[in-house]
Structure formats: structure tokens, C-alpha cells
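following is a predicted model, sequence given first.
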Amino acid sequence: MIPLLRPDFPSLSEAGEIFSSCYKKKIFSNFGALFDESVKKLSKLMNGEALPVTSGTTAIQAALSTMNAKGKRVAIPDYTHSGTLLAVIGAQATPVLFGVDPNSWIISIKDLKKHWDQYDMIVVVSPFGYEIDFHKFEALSVELKKPIVYDMAGCFGNFPDTINPRCYSFHATKNFSVGEGGCVVLPDLKMWEQAKKIINFGTNLDRSLCGDQGGNLKVDELRCALILANLREENLEAIYNKIKNKTALLQFYQEQLEGYVPKGENKFTSLCTVGDLPVKEIEEHCLKNEIMVKGYYPLLSKMKGLAHIERVSSSSKEMETCLALPSDVSMDEAYQVVDCIRTLL
């Protein structure tokens, strides 16, 4: 079976070596030495003040809470993972669904401008690792005086200059993986210090509450050991090579399946989408040929139990089929995927 993704992970021996000092001291959580080292190294690498957390979802929640989202209306794309919506709810804010640009799957700037009075903040999602036009969204934020949180998801390696927080997932399927984990990158130290309180039950140093937003979103020392193992020079180089290999495979699919795989320079893409073919038909056909594909994402507005969530504008996109994009795919496997899809065209 050709997998959709091949999860990768730092070696247990490396992580164990890093974690051994904490194990000897019996310090496993609550911002220990490995947390401090992870913060220092991630901040240098990710172009901002980095704060490791338990997941990409809690990274978004922490960013929104730090920006005082409670009681505010937050625009999110209708076409995204449910974790984006749950992060907004976790920050005690109200999600408002917007359509996405059909060419990029990213929340529509046109709709955001048209309905500027329907929301107070924006979460801009990078679906499938596709690149966001940061200049346009940063300009929009300034023009409308509405702060933005970027949900970068699996876009590790894409570290732009922004005046707004960026959130990354370190989930098992992502290029930078610790199993379950994430990171929020803040634009300044003051916001970082506030976010650190938010992820630690919303408490001050004297253990008094700094407000009624927050939770136990902090990452433990074992997870930090895995982060630091990934950040070792040889492992980080391997991660960047993996990203390059995925980009090359995406370009191969674009050439071989011209007109069905969207073109564009997406250096951090985690999945390859195939348009204009029915999701169920592709899944059944590929499975018979021992190729794993998967449909992403059902519109939030059409999910059971979410009928009460307000929708301001609609998406023309529905669920998209994603092809196998493992970083270590062989050419024989790549041609096997292409031949399988061509029989449906």
C-alpha cells in the first residue's frame, strides 16, 4: 500500500539522551530546562517569540486568548479542519464562517472586505501547506484594524515576518513531528509572556488568575526532548530535505496530471489535491490499486451539530481529494499513482 503520508519521528535514543537529565531530577513539566531550551532554539529558527504547546489547536486558542478574543466574533474559513473552529470556541469567542478563494482554498479577502462589520478578528488558515499571501493579509489587518492569527498547520519552514501570531502543528503527520504538539510564534516578548500565562491555567507568578481565559495547554519535558531532537543539525537538515522531496513530487503530479492538480509554487505543501473528480470514486478506485488517498475537508457549515454556527459567505469548494505525498516515495510509486488517476480522467 502506498501511504498518503509516512510519519517520521526523531529516534527514541536521541530523545532519551536529551530527556535523561530531567528524568534524573524528576522534573517532567511546568516549564523545566528543556522547555527553556526549546523556546530559545525555536525562537531563533522560527523568526519570532516561540512558545511550544500541546497541539496546533491549542496554539490557535492561546494566540486568540492572548489577543483578548473573549466575546468577540472571529472570522474563519468554512473550509478548514474542525480544530480551527474549536480553538475559537476554546478562546471564548464566536466563530463566523467565511467562504474561501476557489484558487487557493484560503479565506476570501474579497468577502472579508465586503462584510467587514461582521467580525472583529480573523484566523487565516494555510490548507495543505499552501502558501498565504502575507503581504495582502497584513495590509488588510492594518486597513480594517482587525488582528489576525495565522493557522500555519503543517507549514514548518515557512517563517515570514508578520505583526500577528503564527500557529504551527507538530502532529505525527506533519514534517516537524513530536507525535502531538504545536507552537505559537508571537511578534514580541510582551505577548509571549502573556501567552505563557494563558497556557499555564491563566495564572500569574503568584498563582493568582490573570483573567478567566486559559487552560493547561503547556507542553511537558518529554515533548520538549523530542522538539530538541528534531532541532539537531542533522535532523533539521533531514526535515528540510523531506519538504524539498514533497515539493518535487507535487511538481511531478502537476506535470503528469495537468489541469487536475493546481499549479503554483507551494514550497511547504503537505498534501496534493486533485480537483474535478468525485472524492468517493477516487478513494474506491485507488484503494483497489493499493494507493491511499483521503478527502479533506467537509465544509464546517455542513457538519452535523454545527448548523447553529453563523455563515457570512459561502465556499464553492467542497471536500477535496488528496493524493499520496510521502517524502520518500520512489519513482515507480509516483508513476503508479499517476497511472491510477489517469484511468479515471
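Structure received.

low pLDDT regions in the stretch 201-345 of the chain?
Applying pLDDT under 70 to the stretch 201-345 of the chain flags residues 265, 317.

if we use 80, what do you get?
Along the stretch 201-345 of the chain, the parts satisfying pLDDT under 80 run over 263-266, 275-277, 316-319, 324, 345.

need the helices for it, in chain order.
Assigned by DSSP state H, counting those that start in this stretch, the stretch 201-345 of the chain shows helices spanning 221-230, 233-256, 279-288, 331-342.

any chance you could map the strands in this structure?
For the chain, the strands defined by DSSP state E cover 49-53, 73-77, 94-98, 121-125, 148-153, 166-169, 182-186, 272-274, 294-296, 310-311, 320-323.

those: which one's closest to Ser21?
With CB to CB as the criterion, Ser21 lies closest to strand 49-53 of the strands of the chain, at 17.8 Å. To be clear about C-beta, it is placed using only N, CA and C from the backbone, and glycine gets the same treatment.

restrict that closest one to CA atoms and write it as PDB.
C-alpha atoms of strand 49-53 as PDB (Å, rounded to 0.1, in the frame of the first residue of the first chain):
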ATOM      1  CA  GLU A  49       9.000  34.600  20.100                       C
ATOM      2  CA  ALA A  50       8.100  30.800  20.000                       C
ATOM      3  CA  LEU A  51       6.000  29.100  22.700                       C
ATOM      4  CA  PRO A  52       5.600  25.300  22.500                       C
ATOM      5  CA  VAL A  53       2.200  24.000  23.400                       C
END
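
my read: Tyr296 touches Leu271, true?
Yes: when contacts are counted by CB atoms under 8 Å, Tyr296 is listed as touching Leu271 (7.0 Å).

shared neighbours of those two, which are they?
When contacts are counted by CB atoms under 8 Å, 6 or more residues apart in numbering, the set common to Tyr296 and Leu271 consists of 128, 322.

the more surrounded of these two?
Leu271 (23 against 17; other CB atoms under 10 Å).

quick one, phi psi at the more buried one?
phi -140, psi 160 (degrees, to the nearest 10).

state the distance from it to Glu283.
Applying CB to CB, to the nearest Å, the value for Leu271 to Glu283 is 14 Å.

could you do Gly32 as well?
Gly32 sits 44 Å away from Glu283, going by CB to CB.

now do Thr57
For Thr57, the distance to Glu283 (CB to CB) stands at 26 Å.

neighbour count winner among these two?
Shown here are Thr57 and Glu283; by other CB under 10 Å, Thr57 has more neighbours (23 against 16).

the more buried one reaches Leu86, doesn't it?
Yes: because the distance of 6.1 Å satisfies CB under 8 Å, Thr57 is recorded as touching Leu86.

what is the end-to-end distance of stretch 196-205?
11 Å (CA to CA, to the nearest Å).

not counting its own residues, what contacts that stretch?
Here stretch 196-205 makes contact (CB under 8 Å, 6+ apart) with 30-31, 51, 53, 58, 62, 65-66, 209-218.

list the buried ones in it?
Within stretch 196-205, the residues that qualify as buried by neighbour count (16 or more other CB atoms under 10 Å) are 196-200, 202.

among the residues you listed, which lie within helices?
Cross-referencing these against helices under DSSP state H gives 196-199.

list just the nearest of the residues you listed to Gly259.
For those, the residue nearest Gly259 by CB to CB is Ile199; the value is 45.4 Å.

gap between the closest one and Phe268?
From Ile199 across to Phe268, the span is 25 Å (CB to CB).

neighbours of the residue lying closest to Val274 once chain neighbours are set aside, how many?
Closest residue to Val274 apart from its sequence neighbours, by CB to CB, 6 or more residues apart in numbering: Thr321 at 4.9 Å. Thr321: 24 surrounding residues under other CB under 10 Å.

cool, Ala33 as well?
Residues lying near Ala33 (other CB under 10 Å) number 13.

was I right to think it contacts Cys22?
Yes: with contact defined as CB under 8 Å, Ala33 reaches Cys22; the gap is 7.0 Å.

which residues do the two both contact?
Common contact partners of Ala33 and Cys22 (CB under 8 Å, 6+ apart): Glu221.

wait, Pro102 sits on Glu320?
No: Pro102 is beyond contact range of Glu320, at 11.0 Å (criterion: CB under 8 Å).

who's more crowded, these two?
Comparing Pro102 with Glu320 by other CB under 10 Å, the one with more neighbours is Glu320, at 21 against 13.

so what pairs up with the more buried one in the strands?
Here Glu320 sits in beta bridges with Tyr296, going by DSSP bridges.
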